[in-house]
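>>> sequence first, then the predicted structure, then my questions.
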Amino acid sequence: MPDQSIDSLLDEARARLPRRATARQLAAIQAEGGLVVDTRSEAQRRRDGELPGALVVERNVLEWRLDPSSPHRLPEVSGHDQVIVVVCNEGYASSLAAATLQDLGLVNATDLDGGYQAWARATKGP
């Protein structure tokens, strides 16, 4: 029998993250040099739309593209202290991914609370 469920693993991951970003904070984070990384599938991006200014990185290569010591890192990655906000569709998988980035020493890695769907709701206006 497993020692924990996905819900407890998610709770542990989120407890390790710095404050989760909100949809309204994304533009400011980007303006200050932070990276917003969209890990949604191509099908989700095609169906729901792109996230302006976000780097698209498939989840299966996320750690290699964002680890500052990786020879496969993206040029936009400036160091271990850079703010990185991981975005998935609803804010679950991104929490787990951000915790993994924390394990790599990316101390300011976090995720978008509510994911792309929260951003879409927040930017539609009244």
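Nice, thanks for sending it over. Note that this is a predicted model, so its numbers are computed, not measured.

>>> which intervals of the protein have sub-threshold pLDDT?
For the chain, applying pLDDT under 70 flags the ranges 1-2, 125-126.

>>> residue closest to the middle of it?
In the chain, the C-alpha nearest the mean C-alpha coordinate belongs to residue 86, at 0.5 Å (Cα atoms, centre = their mean).

>>> check the gap between that residue and residue 124 for me.
The spacing between residue 86 and residue 124, counted by Cβ to Cβ, to the nearest Å, is 22 Å. Just so you know, the C-beta spots here come from the backbone N, C-alpha and C atoms, and that holds for glycine as well.

>>> with residue 109 instead?
Taking Cβ to Cβ, one finds residue 109 at 28 Å from residue 124.

>>> tell me which of these two has more neighbours.
Shown here are residue 109 and residue 124; by other Cβ atoms under 10 Å, residue 109 has more neighbours (26 against 7).

>>> could you find the closest non-adjacent residue to the more buried one?
Excluding its sequence neighbours, the residue lying closest to residue 109 (Cβ to Cβ, 6 or more residues apart in numbering) is residue 101, at 3.6 Å.
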